[in-house]
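Peer 1: the amino acid sequence is not available; the structure is as follows:
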Ligand SMILES: CC(C)(COP(=O)(O)OP(=O)(O)OC[C@H]1O[C@@H](n2cnc3c(N)ncnc32)[C@H](O)[C@@H]1OP(=O)(O)O)[C@@H](O)C(=O)NCCC(=O)NCCS
């Protein structure tokens, strides 16, 4: 048994392309993970666009994470990534993100950007560990119920 299948009682989470049918579940995961959740309709519109790439992390019949990007020519932006709260801290996001990046590379993407809230240490660590570097900082970029937080702009080049 690998460490991953041990963690999941014999099964193993799988990473798959997400489709329109996942919109409701992704919206639910997003709402549980971010201050301003995106609704099912927003996910439906996003997933219907040709320049959107989305992956889901599935364990059995349950979707426990997702990553979604928007592509433009040879650049892409990671719009969102989340893991269901009870499944965090197990290293699952790294495989999900690396697989997602591999698919972006396969679609001709050479440079990836993303924004992350400065105090979001698990996310920053995830991005640093997957090859992203800070290339900019936006002061008071996010407003979380009156609390203004800085954003870091990160970039990774794919070879
Ligand atoms: C960010 C997120 C996707 C990471 O997923 P995950 O599968 O739980 O991540 P991991 O278990 O691989 O942890 C990521 C890293 O952060 C570290 N970490 C976890 N909690 C931490 C904390 N409170 N402080 C500092 N580092 C922390 C882990 O040790 C790991 O680093 P390592 O690989 O060096 O051990 C997940 O926390 C999440 O869904 N958060 C809510 C949504 C979100 O913020 N998304 C990112 C938006 S930019």
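Peer 2: Here it is on my side, so go on. What you are looking at is a predicted structure, and each value in this text was computed from that prediction instead of being measured.
Peer 1: can you name the next helix or strand after the lowest-mean-pLDDT helix or strand in the chain?
Peer 2: Lowest mean confidence among the helices and strands of the chain (mean pLDDT, DSSP states H and E): helix 3-7, at a mean of 63. From helix 3-7 onward toward the C-terminus, using DSSP states H and E, the following helix or strand is strand 14-17.
Peer 1: flag every buried residue along the following helix or strand past that following strand.
Peer 2: Using DSSP H and E, the helix or strand that follows strand 14-17 in sequence is helix 23-33. Neighbour counts over helix 23-33 (16 or more other Cβ atoms under 10 Å) mark 23, 25, 26, 27, 29, 30, 33 as buried. The way it works is simple: take the backbone N, C-alpha and C, and place the C-beta from them, glycine included.
Peer 1: give me the subset of those residues that also touch the ligand.
Peer 2: The subset of the buried residues of helix 23-33 within reach of the ligand, by Cβ under 6 Å from any ligand atom, is residue 33.
Peer 1: from the buried residues of helix 23-33, which is closest to the ligand?
Peer 2: residue 33 (3.9 Å; Cβ to the nearest ligand atom).
Peer 1: tell me which element the residue nearest the centre of the chain falls in.
Peer 2: Closest to where the C-alpha atoms of the chain average out (Cα atoms, centre = their mean) is residue 81, at 1.8 Å. Secondary structure from DSSP H and E places residue 81 in strand 75-83.
Peer 1: quick one: mean pLDDT over stretch 141-154.
Peer 2: The pLDDT scores in stretch 141-154 average 88.
Peer 1: now the terminal residues of it, how far apart.
Peer 2: 14 Å (Cα to Cα, to the nearest Å).
Peer 1: mean confidence for stretch 18-34?
Peer 2: Stretch 18-34 comes out at a mean pLDDT of 97.
Peer 1: what's the spacing between that stretch and its chain's center?
Peer 2: With Cα atoms, centre = their mean, to the nearest Å as the basis, stretch 18-34 stands 11 Å off its chain's centre.
Peer 1: excluding sequence neighbours, find me the nearest residue to residue 37.
Peer 2: residue 31 (3.0 Å; Cβ to Cβ, 6 or more residues apart in numbering).
Peer 1: same question for residue 57.
Peer 2: Closest residue in space to residue 57, ignoring its immediate chain neighbours: residue 65 at 3.5 Å, by Cβ to Cβ, 6+ apart.
Peer 1: from residue 140, how far off is the one you found?
Peer 2: Applying Cβ to Cβ, to the nearest Å, the value for residue 65 to residue 140 is 29 Å.
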